[in-house]
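Trainee: return atomic coordinates for the entry below.
(2 chains)
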Amino acid sequence: MRRLTLLLLLILLGACKEQVTGGSRPDDHAAKPQVLTSNYPLYYFTSEIAGDVVDVQMPEIDGDPAMWVPGAADIPQLQAADLIVINGAGYESWLAYTSLDNDRLLDTTKDIQDLLLPIENVTLHQHGPEGEHSHKGTAFTTWLDPRIAVEQARAIARGLSVLVPAQAEAFKSRLVLLEQRLVELDRSFEQVFSNLKDQPLVFSHPVYQYLQKRYGLNARSVHWEPDTEPGVKEWVDFQNLLRAHPAKLMIWEGQPSPVIIERLQDQGIQSVVFNPVANQDAAGDYFVLMSANAGRILGSKK
Amino acid sequence: MMTGAFFLGWRYLRFHRFKSLVLLASVTLMMFLPTATRLLVADSATALTARAQATPLLLGERGGELELVLNALYFHAEQPPVLPYSALGDIEASGLASGIPLYTRFRSRGAPIVGTSLDYFAFRNLQLAGGRMMGLLGEAVVGANVASEQAVGPGDHLVSSPETVFDLAGVYPLKMQVVGVLARSGSPDDDAVFVDVRTAWVIQGLGHGHDDLARGDSSASVLSRNEGTITANASLKQFNEITAENIRDFHFHGGTSGFPLSAVIVVPPDDKSATLLRGRYQNHESGYQVLVPGNVLDDLLETVFTIQNYVILGLMMLSLATIAVVTLVFLLSQQLRRGEFMTLKRMGASRSFVATLIASEIGFVLLGSVALSALMSWVTRHYATEFLLSLVTL
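Mentor: Numbering: from 1, shown residues only, chains lettered A, B, ... in the order given. Next up, the predicted model:
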């Protein structure tokens, strides 16, 4: 009898051990699939298409998601996600140093490589036996061309349909609505930028390549930060740029400091903010923020 | 009366301890050696083939098949010719299978560092005993034996070993953070250190981290700046540990498609895909080979079994000689003990009593030998198989 009790105890212990080490969580099947996105546009698109079928999340990122470095604390969330929606085009530089299940990555620009734009003027450096090399890349703020954003939204819908096949029709119908809104946004941008087509512009940062191409803008980029006063060399380079490219409007990612605005105004250059909306903003959702961008550009022409 | 014969037999053996022990040892070895050889070979074969059977296909550079299998399955130190990382992409692109990269060139305090992907753990059904899976460049997950033998756990560090003592200009040791310990699996995975394959490339120097040369405070390390090209001087400090602060400064030179792999574990969804893939790589222009590890090991084991048969034949001959010597010892012993037997008869002992006495002495020796050889076989089976398998990873 004692032997039987001991045996039963051992079997119970074995079962418990299996649950701890190898068993799946009991809620696994009941819980919604977890979907992570790498920036706000993708978060917004995914949320709009998925509805409440999946749990869409974006890691808490302070600043530009393109510069995000996942910490050790982010790894469990990344590795537990059923699907990670990424922008692609080199946007997620952190993929180079994280270990993830590649099958769970949904690259939204993988099938539109021909629409992607290469980055120009990259810095080369050389050291060691390998000699000269560079860290070339591709322009990654793809969603600033709403037609590319539509393609990305379609890729998300396809990915979600693979994840939850039973909801494929629902995803498709919500995608149609999102596409309509993106097409409307494209039309409004087209109208807003139509009067700026021949006017020389300056971008404060080289992140507007897709906007420039889509709406045929005559623009050059500098490498200025809104909250950092450019140095003497930067101003000299800027003057040289203006001689060849007499811009009257400078488009910024964020609100520049009053000092910069004033100094630009002294040179007859107006500053206007066009937020790429890479991260969440308390001011509103994706379309609210994009409409605000259009409104500011429109206001700058008056 | 019979009990008396057994008692006398036992007392005789005890009195002639040395002679009895020599007899016991001879007969034990005669029984143990062929049995142990068979058991050892059979158990090792089962253990070897079990892992091979669980690995459907291996992709490697054309060359030594056995070298490739032993390296990919048991992390044997002998390195097969490397194949480029793009070979993994080719497998994935074929749509016939998924692939798991393996790069096993480096070691840490004797333990193989296995550069791979997270898919490996799911494929081998490896569970975590503590911590978490590797998630960032420079992180490592260790097998159960590595954790216990090197007394490391989550939060501790391991350093990769330079390939040679005099490798001053070659591979720099990389300090890796242990983030997880695997549960014991009774396989070579217990003795390995797992990292992302890109971490293995960093160990090799294909990727590295250093101060951003474009930053103003790095000017002391800049030899020259020309038209978008910055040339560093010898003072450029390279990082030997990947931390949260410097991880962004780590980068690879050139595309990773040409970076080395030891092998790719190929996992086709069904037999048809496996056959198609094998056919496709049979005379593939790339120079890669797709092989079935089980078949390669079967060939090896066939040789081992043939050798085993010769060994056992030799042992049988030895056994026959031992039996002859033991018989001779017994016969001579009977001659010497004639006086003793006569005394017994005079005391009233029958012929059968004397026969029982002699038989009991032989029986005790045989029984003792059987028990001892069984015990030794059990010990051998328990420890030697593991030992033999560990030799494969050397």
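Trainee: can you show me the strands along the stretch 151-300 of chain A?
Mentor: A:200-203, A:218-221, A:249-252, A:270-273 (DSSP state E, counting those that start in this stretch).
Trainee: which one of these lies closest to chain B?
Mentor: strand A:218-221 (14.9 Å; Cβ to the nearest Cβ). All C-beta spots, glycine's among them, are computed from the backbone N, C-alpha and C.
Trainee: I'd say residue B:358 and residue B:331 touch.
Mentor: No: with contact defined as Cβ atoms under 8 Å, residue B:358 does not count as touching residue B:331 (10.6 Å).
Trainee: which one of the two has more residues nearby?
Mentor: residue B:358 (17 against 10; other Cβ atoms under 10 Å in any protein chain shown).
Trainee: quick check: residue B:102 is in a strand.
Mentor: Yes: assessed by DSSP: H, G, I helix; E, B strand; the rest coil, residue B:102 belongs to a strand.
Trainee: separation between it and residue A:96?
Mentor: 20 Å (Cβ to Cβ, to the nearest Å).
Trainee: more neighbours: those two, which one.
Mentor: residue B:102 (25 against 16).
Trainee: so that one touches residue B:113, yeah?
Mentor: No: Residue B:102 lies out of contact with residue B:113 (Cβ under 8 Å); the separation is 11.1 Å.
Trainee: just checking, what packs against the helix or strand encompassing residue B:332?
Mentor: Taking DSSP states H and E as the definition, one finds residue B:332 inside helix B:293-336. Applying 3 or more Cβ pairs under 8 Å, 6 or more residues apart in numbering or on different chains; DSSP states H and E, we find helix B:293-336 packed against helix B:17-53, helix B:65-74, helix B:351-379.
Trainee: winner for burial among these?
Mentor: For the helices and strands packed on helix B:293-336, the largest average neighbour count (mean count of other Cβ atoms under 10 Å in any protein chain shown) is found in helix B:65-74, namely a mean of 23.
Trainee: who's in contact with residue A:48?
Mentor: Contacts for residue A:48 (Cβ atoms under 8 Å, 6 or more residues apart in numbering or on different chains) come out as A:153, A:174, A:177, A:178.
Trainee: going by distance to chain B, which of these wins?
Mentor: When the contacts of residue A:48 are compared against chain B (criterion: Cβ to the nearest Cβ), the nearest one is residue A:153, at 25.7 Å.
Trainee: which residues sit against stretch A:66-82?
Mentor: The contact list for stretch A:66-82 (Cβ under 8 Å, 6+ apart) reads A:33-36, A:38-39, A:54, A:57, A:59, A:61, A:84, A:91, A:93-94, A:98-101, A:104, A:140, A:163, A:278, B:118, B:132-133, B:135-136, B:179, B:244, B:247-248.
Trainee: quickly list the domain ranges of the chain.
Mentor: As the question left the chain open, I've gone with chain A. Following automatic domain parsing, chain A resolves into domains at A:34-122+A:130-185, A:193-301.
Trainee: um, chain B though
Mentor: According to automatic domain parsing, the ranges for chain B are B:2-48+B:300-392, B:58-292.
Trainee: figure out which of the ones you listed is closest to residue A:274.
Mentor: With Cβ to Cβ, the closest approach to residue A:274 among the domains of chain B belongs to domain B:58-292: 26.0 Å.
Trainee: how far off centre is the closest one?
Mentor: Mean C-alpha position of domain B:58-292 versus that of the full chain (Cα atoms, centre = their mean, to the nearest Å) differs by 20 Å.
Trainee: in strands, which of the contacts of stretch A:66-82 fall?
Mentor: The strands, defined by DSSP state E, take in A:34, A:35, A:36, A:57, A:84, B:179 from the contacts of stretch A:66-82.
Trainee: skip the chain neighbours and tell me the closest residue to residue B:172.
Mentor: Counting by Cβ to Cβ, 6 or more residues apart in numbering or on different chains, residue B:172 lies nearest to residue B:240, which is 5.9 Å off, once chain neighbours are set aside.
Trainee: which residues touch the one you found?
Mentor: By Cβ under 8 Å, 6+ apart, the contact list for residue B:240 reads B:172, B:173, B:174, B:175.
Trainee: buried subset of the residues you listed as a ChimeraX selection?
Mentor: Here is the ChimeraX command that selects the buried residues among these (16 or more other Cβ atoms under 10 Å in any protein chain shown):
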select /B:172,173,174
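Trainee: contacting residues for the residue of the stretch 51-200 of chain B found nearest chain A?
Mentor: Going by Cβ to the nearest Cβ, chain A is nearest to residue B:135 of the stretch 51-200 of chain B, at 3.1 Å. Residue B:135 is in contact with A:70, A:72, A:75, A:76, A:78, A:79, A:98, A:99, A:100, B:179, counting by Cβ under 8 Å, 6+ apart.
Trainee: how close does it get to residue A:37?
Mentor: For residue B:135, the distance to residue A:37 (Cβ to Cβ) stands at 18 Å.
Trainee: residue A:92 contacts residue A:106, correct?
Mentor: No: contact criterion Cβ under 8 Å: residue A:92 and residue A:106 do not qualify, at 11.5 Å.
Trainee: overlap in contacts of these two?
Mentor: Each of residue A:86 lies in contact with both residue A:92 and residue A:106 under the rule Cβ under 8 Å, 6+ apart.
Trainee: so between the two, which is more surrounded?
Mentor: Relative neighbour count places residue A:106 above the other of residue A:92 and residue A:106, with 24 against 21, counting by other Cβ under 10 Å.
Trainee: which among the contacts of residue A:48 end up buried?
Mentor: Buried subset of these (neighbour count, 16+ other Cβ under 10 Å): A:153, A:174, A:178.
Trainee: coming back round to it: looking at the domains of chain B, which is closest to residue A:193?
Mentor: Evaluated over the domains of chain B, closeness to residue A:193 peaks at domain B:58-292, with 30.4 Å, by Cβ to Cβ.
Trainee: quick one: the residue in the stretch 251-394 of chain B positioned nearest to chain A from residue B:82, how far?
Mentor: Relative to chain A, the nearest point of the stretch 251-394 of chain B is residue B:253 (4.7 Å; Cβ to the nearest Cβ). According to Cβ to Cβ, residue B:253 and residue B:82 sit 17 Å apart.
Trainee: same check on residue B:309?
Mentor: Taken as Cβ to Cβ, the span from residue B:309 to residue B:82 is 38 Å.
Trainee: so those two - more neighbours on which side?
Mentor: Counted by other Cβ under 10 Å, residue B:309 and residue B:82 do not tie: residue B:82 has more neighbours, with 16 against 13.
Trainee: for residue A:175, what are its contacts?
Mentor: Neighbours of residue A:175 in contact, by Cβ under 8 Å, 6+ apart: A:49, A:153, A:154, A:157.
Trainee: in TSV, list the residues you listed along with distance to residue B:345.
Mentor: Listed next are the contacts of residue A:175 as TSV, based on distance: Cβ to Cβ, whole Å:
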residue	distance to residue B:345
A:49	106
A:153	109
A:154	108
A:157	105
